[in-house]
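1. predicted model and sequence follow; I will ask about them next.
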Amino acid sequence: MAVQMNMPILIVDDYRTMLRIVRNLLSKLGFTDIDEAADGETALAMLKSREYGLVISDWNMQPMTGFELLKVVRADDVLKTMPFIMVTAESKVENVVAARQAGVNNYIIKPFSGAVLKAKLKAVLGEF
């Protein structure tokens, strides 16, 4: 089954530049319905008010980190199956392991290219 290019995607990052970069990469890949949140708390409120097909979240944010957001999403009966990709500058093995154990679908290390994002999206969502 092909991915719907108009599927709503939520990107979460406290750096406006990173939000813009990820939005532009997603747009170049053909995705058209992209919302943004600047922190995990805002993202959680958005996730509860709209059905998203994917979350792409930074790890390091305040007051709620992307890792904390992931754990809340996975503990929520309505949200727990939502595809979730973690983006971080941290390449520590223990972070990758912790994210996997918490139920992340994939992990992207910054900086990354459009090709890397596309490969990660295909691994999580299938062909598009």
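-> Yep, it's here. Residues are numbered from 1 along each chain as shown.
2. which secondary structure elements does the helix or strand of the chain with the lowest mean pLDDT sit against?
-> Here the helix or strand of the chain ranked lowest by mean pLDDT, DSSP states H and E is helix 93-102, holding a mean of 93. Secondary-structure packing of helix 93-102 (3 or more Cβ pairs under 8 Å, 6 or more residues apart in numbering; DSSP states H and E): helix 66-75, strand 106-109. No exception for glycine: its C-beta is placed from N, CA and C like everyone else's.
3. just the C-alphas of that helix, formatted as CSV.
-> What follows is helix 93-102 as a C-alpha-only set of coordinates in CSV (Å, rounded to 0.1, in the frame of the first residue of the first chain):
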residue,chain,number,x,y,z
VAL,A,93,24.8,4.0,21.4
GLU,A,94,23.0,4.2,24.8
ASN,A,95,20.6,6.9,23.3
VAL,A,96,19.8,4.7,20.3
VAL,A,97,19.2,1.7,22.5
ALA,A,98,17.0,3.7,24.9
ALA,A,99,15.0,5.1,22.0
ARG,A,100,14.5,1.6,20.5
GLN,A,101,13.5,0.2,23.9
ALA,A,102,10.9,3.1,24.2
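4. how distant is that helix from the center of its chain?
-> The chain centroid and the centroid of helix 93-102 are separated by 15 Å, computed with Cα atoms, centre = their mean, to the nearest Å.
5. so it versus helix 66-75, what angle?
-> Orientation of helix 93-102 against helix 66-75 (axes from the mean of the first three to the mean of the last three Cα atoms, to 10 degrees) gives an angle of 20 degrees.
6. list the contacts of helix 93-102.
-> By Cβ atoms under 8 Å, 6 or more residues apart in numbering, the list of residues contacting helix 93-102 from outside reads 59, 67, 70, 71, 74, 86, 88, 107.
7. least confident of the residues you listed?
-> For the contacts of helix 93-102, the least confident position by pLDDT is residue 88, scoring 90.
8. deepest of the helices and strands packed on helix 93-102, which one?
-> Highest mean neighbour count of the helices and strands packed on helix 93-102: helix 66-75, a mean of 20 (counted as mean count of other Cβ atoms under 10 Å).
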